[in-house]
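K.L.:
everything below, folded, please.
(chains A and B)
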Amino acid sequence: MGEEYLEKELLIKGIEINYLYVCKTKLWYFVRGITMEQESDFVDLGKFLHEKSYFGEEKEIQIGSIKIDFIKKSDIIEVHEVKRGKQMEKAHIMQALYYIYYLNNLGIKAKAILHYPKLKEIKEIELKESDKEEINRAIREIEHIKSLKEPPEPIYQKICKNCAYYELCFI
Amino acid sequence: MRKKSLTLLSDGYLFRKENTIYFENARGKKPLAIEGIYDIYIYGKVSISSQALHYLAQKGIAVHFFNHYGYYDGSFYPRESLHSGYLVVNQVEHYLDKNKRLELAKLFVIGGIKNMEWNLLKFKNKTKFKNYIEELNNCNKITEVMNVEGRVRAEYYNLWDETLPDGFKIIKRTRKPPKNEMNALISFLNSRLYPAIITELYNTQLTPTVSYLHEPHERRFSLALDLSEIFKPMIADRLANRLVKQGIIQKKHFREELNGVLLNEDGMKLVLEHLNREMDKTVQHPKLKKNVSKRRLIRLEAYKLVKHLVGQKKYEPLVAWF
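P.N.:
Model prediction:
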């Protein structure tokens, strides 16, 4: 596998995988450049966390369409992602799995480590065979959402109130 | 931290030293917390260092300048950081399609009319402009829409006049220069409101020069003019009304100049104080179920427009419920 998908996959950003699991409306707006992040205190906090932690590492490594917080090398490549809280853990995991999958497709063996500096926790992630199918599904779904002419109707969830897109969605 | 609009009325010097912006005037040097500044309105004679402008641009803070008479001159509008080619294309498409443009133009005017009606009700007059709205629905051209808007406004001023104290009647709307006190007050407030709308548009992906009721070739941020149809009655007129009826603004706050009447320095200061307070006042939003400031209502209106343009939800102009 890989070969026939490679070109398409190269276009998907890690954050898009993340957003797919957080909210489809947000994903639709995001891919059209209608972003709200500048409005969010949480995003500021995330940036701050990112800037102020893990000194000495080279940060924000862009490889094709993915941008990794930082990379370390042990026996294999370690992809490190820094996150603020665990409310969206599923989205974080999928984003990390996608990074591994992406690197695998380039012929690079990798694992991922999620950092929650505020919780003083880390989580190691490895890509299993069963994850690959889910990632393929996710990629197809992102492509579908990108192609929609109108944004998906927002569905209210508890997390909406803290989302930078809240006002846009529910006004 | 809630960011606030900063108004500089006195003469002075705005500069940056390391990562702090200072304003220095006759009374001394004052540091300004950059993270707490939303936008800046300059009425005094102020020199600004380019370093200060670099820093303000980096933080996305717009600076609006007003002349000696309190009229808007222009803005330091930092490089746009929010881009959506997709939205620009949709904005333009809604302009080029005659029906789509008319629909939006009418909605802005309807919003304005309904807010004028609501004001009149607050001023104890129950006149409804229903016939005008019907007339509007039958308009096929922007000029016809503009015409209806003009006639409503003339009637609105007449009806409002019946409730205004002597010496503060509008009589006839005059601009540049305004011929009497109430005209001067309304013009001054509108001049301050327009750049406030520009700040809000700056913080969205909307292109401020592509508009629907006003022509985009007016060499202005004409989309801000479209939105001001709604906010002039809701914010400026209501504040003007309150200021004169409560005797906060009096004859002594005006000066005669340029064959007309203008607010004097004390007058401007008072009006701006009240306006800043007014913009920060919050109301409970029935849809969002949270408190939003009047200033934020402008942003929300921009979001509603975004949703209309991308086909998510038809634009419904804001009509004050407070």
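K.L.:
can I get the helix or strand hosting residue B:16 as CSV, trimmed to CA atoms?
P.N.:
Secondary structure assignment for residue B:16, by DSSP states H and E: strand B:12-17. The C-alpha trace of strand B:12-17 is given here as CSV (Å, rounded to 0.1, in the frame of the first residue of the first chain):
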residue,chain,number,x,y,z
GLY,B,12,2.1,63.6,23.0
TYR,B,13,4.5,60.9,21.7
LEU,B,14,3.8,57.2,21.3
PHE,B,15,6.8,55.1,21.2
ARG,B,16,8.2,51.7,21.9
LYS,B,17,11.0,50.9,24.3
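K.L.:
okay, now the sheet partners of it, with direction.
P.N.:
strand B:20-25 (antiparallel), strand B:46-48 (parallel) (DSSP bridges).
K.L.:
in CSV, list the ones you listed along with mean neighbour count, mean pLDDT and distance to residue B:12.
P.N.:
Bear in mind the C-beta positions are built from the backbone N, C-alpha and C, glycine included. As requested, those are exported to CSV (neighbours: other CB atoms under 10 Å in any protein chain shown; pLDDT from 0 to 100; distance: least, CB to CB, whole Å):
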stretch, mean neighbour count, mean pLDDT, distance to residue B:12
strand B:20-25, 17, 94, 3
strand B:46-48, 17, 96, 6
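K.L.:
residue B:233: which of those strands is closest?
P.N.:
Taking CB to CB, strand B:46-48 is the member of the strands paired with strand B:12-17 nearest to residue B:233, at 31.4 Å.
K.L.:
quick revisit: in the strand holding residue B:16, what's buried?
P.N.:
Neighbour-count burial for strand B:12-17, counted by 16 or more other CB atoms under 10 Å in any protein chain shown, picks out B:12, B:14-16.
K.L.:
count of neighbours near residue 26?
P.N.:
As the question left the chain open, I've gone with chain A. Around residue A:26 there are 24 other residues, counting by other CB atoms under 10 Å in any protein chain shown.
K.L.:
sorry, should have said chain B
P.N.:
Applying other CB under 10 Å, we find 7 residues neighbouring residue B:26.
K.L.:
the strands in the chain, which residues?
P.N.:
All of this refers to chain A. Using DSSP state E, the strands of chain A run over A:59-63, A:66-73, A:77-82, A:110-116, A:121-125.
K.L.:
switch to chain B, that's the one I care about
P.N.:
Ranges of strands in chain B, per DSSP E, are B:4-8, B:12-17, B:20-25, B:28-32, B:37-42, B:46-48, B:63-66, B:72-76, B:254-257, B:260-263, B:282-285, B:290-293.
K.L.:
next, format these as a markdown table and append distance to residue B:191.
P.N.:
Output for the strands of chain B, formatted as a markdown table (distance: least, CB to CB, whole Å):
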| stretch | distance to residue B:191 |
| --- | --- |
| strand B:4-8 | 13 |
| strand B:12-17 | 21 |
| strand B:20-25 | 22 |
| strand B:28-32 | 24 |
| strand B:37-42 | 10 |
| strand B:46-48 | 17 |
| strand B:63-66 | 7 |
| strand B:72-76 | 5 |
| strand B:254-257 | 15 |
| strand B:260-263 | 11 |
| strand B:282-285 | 24 |
| strand B:290-293 | 20 |
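K.L.:
for residue A:26, find the nearest of the ones you listed.
P.N.:
Short answer: strand B:290-293, nearest of the strands of chain B by CB to CB, at 18.9 Å.
K.L.:
now do the same contact list for residue 169.
P.N.:
All of this is about chain A. Listed by CB atoms under 8 Å, 6 or more residues apart in numbering or on different chains, the contact partners of residue A:169 are A:25, A:154, A:160, A:163.
K.L.:
try chain B instead
P.N.:
Here residue B:169 is in contact with B:161, B:180, B:182 (CB under 8 Å, 6+ apart).
K.L.:
by neighbours, which of these wins?
P.N.:
residue B:182 (27 neighbours).
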